[in-house]
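Asker: Below is the sequence, then the predicted model.
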Amino acid sequence: MVKAVVGANWGDEGKGKITDMMAEKADIVIRFQGGANAGHTIVNDYGKFALHTLPSGVFYGHTTSIIGNGVALNIPLLFQEIKSLTDRNVPMPRILVSNRAQIVMPYHILLDQYEEERLAGKSFGSTKSGIAPFYSDKFAKIGFQVSELFEEELLKEKTERVCQLKNVLFEHLYHKPALDPAQLLETLHEYRDMVAPYVCDVSLYLDQALKEGKTILLEGQLGTLKDPDHGIYPMVTSSSTLAAYGAIGAGLPPYEIKEIVTVCKAYSSAVGAGAFVSEIFGEEADELRNRGGDGGEYGATTGRPRRMGWFDCVASKYGCRLQGTTDVAFTVLDVLGYLDEIPVCVGYEIDGEVTTEFPVTAKLEKAKPVLQKLPGWKTDIRGIRNYEELPENCRGYIEFIEGQIGYPITMISNGPGRNDIIYRKSPLKR
Ligand code: GDP
C-alpha cells in the first residue's frame, strides 16, 4: 500500500507534520523529489526540528527512511542533518539512499549563486542550493549518479569532462575562478566514503516491500503551484511536486499509489517571486505572518519572511485536482482564531470576467481576487479532538472551503504537534 503526502499550493502547507503523523503507521517513508532547498518543520517528543533532505519518518524507530532517485542529493548536508538529530538524542535513523539518486555538486551551488548575482534584480528568488543547475545537468545527461561514485575510472574521466564544460561558464560568463578537476575528484571520494554504507537498489527494495504488504509513504516537497509543468512557470521548482511523480522518483508502479493526501493550509503563504492573487500586505499581512505556523511564517531553510494571503479556493481546487487528491488535510486552522471576519478568495477576475478555474501564468498575472467574507470564531481551537466540538463558524469555514474546492477534507490540523489532529467524515469521501 502506497500513500502520498503532497502540497496543494506553494509549499509550507504543513506537509512535514502530516507526514510525521502518518509515518507512525508506515514502514517506509521516501522522499521522491526536490532537494535541501525547502524545509519541513516538525514538532514531536524530541523537540522542534527543521528537515531539509531527510524524510519526515526519521523520528520513529520502526521506519526506514529513503532518499529516492528523484531527489537532488547534497551528500554533506544529508550527513550534517543526520548529526543534528543524533546530537539531540534522536536515535540513529535507518536510512537508505538510492543508487540512482543524483548528486548536487559543489559547482551547482556556485552556479546558482553566480546566476542570481548576474540576474540581480530580475532573479527568481532561488534559495541558491544548486537545485536548478542540478536538474538542468540531470536532463542534459551530465549529472552524477550515486552509483558512479564507485566507478573510479569513469568518475575521473567524467569529472575532467564536466569541469571543462563548466569552466567556460565560470571564466567567460561569470568571471570567476576555474574549477580544478583533481580537487573535485577528491571531494567526490569523500562523498563516496560517506554515502557507501547506505546505498541501495531502492526500486528493487520497494518491490519486495510491496510484496510483503508493507506501507510506504511518499513525501513531497513544495506544492502543485511549484510544479514545472502544472505550476506557475517559470516561477516553479525544477522537479515535479505531484504525487504522480512519486512513482518515478521512488521507482514504484503508479497504480500502487492508493491514497493521496493533499495538504492545504487554512490561509495562503508563498516564498519567492511570482503571481500570488490572494496576497495581502501591510499590517494585515504582518499580523497573519507573525501568528502563522508555529512561531511565524518564516522560511524553514532561509528564515525569509513568507508572503501572506487569504485562502485561495481557485488555486487550491486546481492544486488538489492535479495531485489526484483522495483526502485533504486542512492545516494551521487554529491560527485564524483571532479574526472577526475571514476573507476567502472564491474567484479570479481577469479582463473583466470572473473565473474559478486556475489559468496559465500570463493570465494569472492579471487576475484580481474576488473575496467573500466568512464569520470568524474568535476562540482558541487548539486541543479540540472531535469535529463536532469545533465552533459552528469554524465548521462553517471548513465546509465552505470543501464545497468550493470539491475534495474531501478528512483531516483538520489545529496545532503543530503530532496529536493536534481532528479526523472528519466528509460527504465528499468516496
Ligand atoms: P511543509 O514544508 O509543508 O512541511 O511546511 P512547514 O514546515 O513550513 O510547516 C508549517 C509550519 O506550521 C511549521 O512550523 C509547523 O510546525 C507548523 N504547523 C503545522 N501544522 C500546524 C497547525 O495545524 N497549527 C499550527 N499553529 N502550526 C502548524
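Answerer: Right, received. Where do you want to start? Numbers count the residues shown, from 1 in each chain.
Asker: next one: the least confident helix or strand in the chain by mean pLDDT to chain centre, how far?
Answerer: Ranked by mean pLDDT, DSSP states H and E, the weakest helix or strand in the chain is strand 40-44, scoring a mean of 79. Computed by Cα atoms, centre = their mean, to the nearest Å, the chain-centroid distance of strand 40-44 equals 13 Å.
Asker: Quickly check: the helix or strand just after it near the ligand or not.
Answerer: Per DSSP states H and E, the first helix or strand lying C-terminal to strand 40-44 is strand 47-51. No: with Cβ under 6 Å from any ligand atom as the measure, strand 47-51 is seen stopping short of the ligand, the closest distance being 7.2 Å. Yep, even glycine has a C-beta here, placed from its N, CA and C like the rest.
Asker: and what of stretch 369-389?
Answerer: No: if you take Cβ under 6 Å from any ligand atom as the test, stretch 369-389 misses the ligand, and the best it gets is 7.7 Å.
Asker: ok, and what's touching the least confident helix or strand of the chain?
Answerer: For strand 40-44, contacts defined as Cβ atoms under 8 Å, 6 or more residues apart in numbering pick out 15-17, 19-20, 48-52, 56, 59, 221, 293-294, 300, 416-418.
Asker: In helices, which of those fall?
Answerer: Applying DSSP state H to the contacts of strand 40-44, the entries found in helices are 15, 16, 17, 19, 20.
Asker: May I see those residues arranged in a markdown table, with pLDDT and distance to residue 256 as well?
Answerer: As requested, the ones in helices among the contacts of strand 40-44 are arranged in a markdown table below (pLDDT from 0 to 100; distance: Cβ to Cβ, whole Å):
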| residue | pLDDT | distance to residue 256 |
| --- | --- | --- |
| 15 | 90 | 20 |
| 16 | 87 | 23 |
| 17 | 89 | 25 |
| 19 | 90 | 18 |
| 20 | 87 | 22 |
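Asker: Give me the buried subset of the residues you listed.
Answerer: With neighbours counted by 16 or more other Cβ atoms under 10 Å, those contain buried members at 15, 16, 17, 19, 20.
Asker: export the residues you listed to CSV and tack on distance to the ligand?
Answerer: CSV is the format used below for these (distance: Cβ to the nearest ligand atom, whole Å):
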residue, distance to the ligand
15, 3
16, 3
17, 4
19, 7
20, 9
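Asker: And stretch 226-240, end to end?
Answerer: For stretch 226-240, the first-to-last residue distance is 8 Å (Cα to Cα, to the nearest Å).
Asker: Okay, now the unreliable bits of the stretch 301-430 of the chain?
Answerer: Scanning the stretch 301-430 of the chain for pLDDT under 70 picks out 301.
Asker: Could you do the stretch 151-300 of the chain as well?
Answerer: The stretch 151-300 of the chain contains residues with pLDDT under 70 at 300.
Asker: can you pull out the helices in it?
Answerer: 152-168, 181-195, 202-211, 243-250, 282-291 (DSSP state H, counting those that start in this stretch).
Asker: What score does residue 52 have for pLDDT?
Answerer: Looking at residue 52, its pLDDT reads 89.
Asker: hang on, isn't it packed against residue 39?
Answerer: Yes: if you go by Cβ atoms under 8 Å, residue 52 and residue 39 touch, sitting 5.0 Å apart.
Asker: how near is the residue nearest in space to the middle of the chain to the ligand?
Answerer: In the chain, the C-alpha nearest the mean C-alpha coordinate belongs to residue 221, at 1.7 Å (Cα atoms, centre = their mean). Shown here: residue 221 relative to the ligand, a distance of 7 Å by Cβ to the nearest ligand atom, to the nearest Å.
Asker: Could you do residue 239 as well?
Answerer: Remark: distance between residue 239 and the ligand (Cβ to the nearest ligand atom) = 15 Å.
Asker: ok, now how distant is the nearest residue to that residue once chain neighbours are set aside from the ligand?
Answerer: Distances taken as Cβ to Cβ, 6 or more residues apart in numbering place residue 33 nearest to residue 239, at 4.1 Å, with adjacent residues excluded. Per Cβ to the nearest ligand atom, residue 33 is found 13 Å from the ligand.
Asker: my read: residue 33 touches residue 243, true?
Answerer: No: contact criterion Cβ under 8 Å: residue 33 and residue 243 do not qualify, at 10.4 Å.
Asker: All the helices of the stretch 1-150 of the chain, residue numbers only.
Answerer: All helices of the stretch 1-150 of the chain, identified by DSSP H, counting those that start in this stretch, fall at 15-22, 75-86, 106-119, 131-139.
Asker: now for stretch 346-359, what's the gap between its first and last residues?
Answerer: In stretch 346-359, first residue to last residue: 14 Å (Cα to Cα).
Asker: What of stretch 228-239?
Answerer: With Cα to Cα as the measure, the first residue of stretch 228-239 is 6 Å from its last.
Asker: residues making contact with that stretch?
Answerer: Under Cβ under 8 Å, 6+ apart, the answer for stretch 228-239 is 33-34, 37, 70, 72, 124-125, 131-132, 134-136, 221-222, 224-227, 240-242, 245, 249, 272-275, 322, 361, 364.
Asker: The residue lying farthest from the centre of the chain and residue 388: what is the separation?
Answerer: Here the centre of the chain is the reference, and by Cα atoms, centre = their mean the most remote residue is residue 153, at 36.2 Å. Look at residue 153 and residue 388: by Cβ to Cβ, to the nearest Å, they are 67 Å apart.
Asker: Just confirm residue 32 contacts residue 72, I think it does.
Answerer: No: assessed by Cβ under 8 Å, residue 32 is found out of contact with residue 72, at 11.4 Å.
Asker: Residue 220 - nearest residue in space that isn't next to it in sequence?
Answerer: Excluding its sequence neighbours, the residue lying closest to residue 220 (Cβ to Cβ, 6+ apart) is residue 6, at 3.8 Å.
Asker: Residue 79 now?
Answerer: What sits nearest to residue 79 in space, not counting adjacent residues and going by Cβ to Cβ, 6+ apart, is residue 194, at 5.5 Å.
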